[in-house]
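Chemist: Here is my input; please provide its structure:
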Amino acid sequence: MRQQQRGSGSTTPAATATEPPAIPGVRRYFAAARGVDFHVTEAGPTDGRPVLALHGWPQHHYAYRHLLADPPAGLRIIVPDLPGYGWSGPAPHRWAKDDVASDVLALLDELGLDHVLLIGHDWGGYIGHLMVLREPERFDGYLVLNIAHPWQTPRSFLPHVWRFLVYQPVVATFGQYLQQRTRLLEVMLAKGVKNRAEFGPEVVRAYADRFRDPGVARAGVDTYRTFLLRELPRGARHGETRRATIPIRALFGVDDSAVHHSLAAAETAKADDYTLERVANCGHFIAEERPDLIRARLITLAEETAPAGTH
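Modeler: Residues are numbered from 1 along each chain as shown. As a prediction, the model looks like this:
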């Protein structure tokens with residue numbers, strides 16, 4: 001692992017997108033796994049119980065700045081930038097979600113982490129589901145934020161397919177230009193939130209400015225192009241049949257215009273222990289709009305899944 005300068009100062013983003021936004025007290029480093037040079041930001045005691053947090057599009061590790069700036073007692077918050085996003089190196093593939101899941105599992109190996117608590121939002125949430133289904137023994141519990149679960153059927157998915165078609169084909173086709181040269185991301189990010197106090201213009205810039213980078217913009221295009229051309233058709237033919245065996249706690253801001261909360265319903269989840277909490281007056285970016293709630297639910301999940309003798 002290669003160390004990066006320790007974070008300091010306020011949580012105000014840096015003036016340019018060449019360096020990560022400042023978050024007080026964090027540790028930053030690079031770790032190579034499966035051909036990806038991961039940029040990792042973490043906080044909390046190095047011997048604390050590890051919590052892996054995955055972001056989505058169009059974001060990076062800064063989505064979890066509140067947890068990083070003030071980690072709950074005893075928890076080690078670990079937030080990688082996903083391949084090609086933020087300050088991580090490019091993915092050696094076209095962002096198939098199974099490939100990204102393999103990348104992140106390899107990162108856990110590189111960091112020497114056998115068991116973690118997991119948090120995932122948006123595409124990071126979907127990748128988290130794939131990881132939990134593939135290697136459940138590595139995850140004590142999963143806090144999943146504003147993303148559809150993988151057990152969709154035509155009956156559950158088709159009424160909401162229009163939401164995906166509003167923007168995903170545009171990003172998949174013209175995303176390189178739009179992310180780099182227009183204000184598309186500024187508009188989308190601003191429209192996706194209800195709590196502007198926690199997600200103001202400076203936060204929008206922290207994300208949008210990074211996607212001016214050609215490599216990061218390319219990762220965004222690949223994320224949606226692979227989904228629309230390969231993963232969505234495959235999912236329609238072969239639905240997910242694996243069953244989740246670990247505790248999953250889904251939180252969902254119901255004012256999400258991109259993903260409908262019914263796509264995360266407990267009634268359609270093939271899981272032994274799955275709950276859905278619908279959060280009123282909250283949009284898609286729940287980790288940033290309701291950091292207090294995310295923190296509280298993470299603490300509860302950590303307590304519920306604590307190894308015997310550690311309560």
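
Chemist: for this protein, which helix is longest?
Modeler: Of all the segments of type helix in the chain, defined by DSSP state H, the longest one is helix 161-181.

Chemist: Give the buried residues for that helix.
Modeler: 164, 168, 171-172, 175, 178-180 (16 or more other CB atoms under 10 Å). Using the backbone N, CA and C atoms, a C-beta is placed for each residue, glycine as well.

Chemist: next one: stretch 79-93
Modeler: Residues 79-91, 93 are the ones in stretch 79-93 that count as buried (16+ other CB under 10 Å).

Chemist: now that stretch: how far from the chain's centre is it?
Modeler: Put simply, stretch 79-93 sits 12 Å off its chain's centre (CA atoms, centre = their mean, to the nearest Å).

Chemist: Using CSV, write out every CA atom in that stretch.
Modeler: Provided in CSV are the C-alpha atoms of stretch 79-93 (Å, rounded to 0.1, in the frame of the first residue of the first chain):
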residue,chain,number,x,y,z
VAL,A,79,-14.2,3.9,1.7
PRO,A,80,-12.6,3.0,-1.6
ASP,A,81,-13.2,5.0,-4.8
LEU,A,82,-14.6,2.3,-7.1
PRO,A,83,-12.5,1.4,-10.2
GLY,A,84,-12.2,4.4,-12.5
TYR,A,85,-14.1,6.7,-10.1
GLY,A,86,-12.7,9.4,-7.8
TRP,A,87,-8.9,8.9,-7.6
SER,A,88,-8.8,5.2,-8.2
GLY,A,89,-7.1,3.9,-11.3
PRO,A,90,-9.1,2.7,-14.3
ALA,A,91,-10.8,-0.7,-14.4
PRO,A,92,-9.2,-3.3,-16.6
HIS,A,93,-12.7,-4.1,-17.9
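
Chemist: Check whether residue 167 really touches residue 257, as I assumed.
Modeler: No: contact between residue 167 and residue 257 fails when scored by CB atoms under 8 Å: they sit 9.7 Å apart.

Chemist: where do the helices sit along this structure?
Modeler: So, for the chain - with DSSP H - the helices run 65-69, 97-110, 123-134, 154-157, 161-181, 184-191, 201-208, 214-226, 232-237, 286-289, 291-304.

Chemist: Give me the mean pLDDT for the last one.
Modeler: So that's helix 291-304. Throughout helix 291-304, pLDDT has a mean value of 98.

Chemist: Which pair of the buried residues of helix 161-181 spans the longest distance?
Modeler: Using CB to CB, the pair of the buried residues of helix 161-181 lying farthest apart is 164 and 180, separated by 22.7 Å.

Chemist: got any ranges where the protein has weak pLDDT?
Modeler: Counting by pLDDT under 70, the chain contains low-confidence residues at 5-17, 309-311.

Chemist: Distance to residue 268 added to the helices of the chain, as CSV?
Modeler: Below are the helices of the chain laid out as CSV (distance: least, CB to CB, whole Å):
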stretch, distance to residue 268
helix 65-69, 29
helix 97-110, 19
helix 123-134, 13
helix 154-157, 5
helix 161-181, 16
helix 184-191, 27
helix 201-208, 31
helix 214-226, 24
helix 232-237, 14
helix 286-289, 20
helix 291-304, 21
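
Chemist: so how far is the longest helix of the chain from its chain's centroid?
Modeler: 19 Å.

Chemist: Give me the contact list for that helix.
Modeler: Here helix 161-181 makes contact (CB atoms under 8 Å, 6 or more residues apart in numbering) with 58, 184-185, 188, 211-214, 216-218, 220-221, 223-225, 227-229, 257-260.

Chemist: Now the buried members of the residues you listed.
Modeler: By 16+ other CB under 10 Å, the contacts of helix 161-181 give 58, 184-185, 188, 211, 213, 216-218, 220-221, 223-225, 227-228, 258-260 as buried.

Chemist: Which one, of the helices of the chain, ends up nearest to residue 34?
Modeler: Closest to residue 34 of those is helix 97-110 (CB to CB; 4.0 Å).
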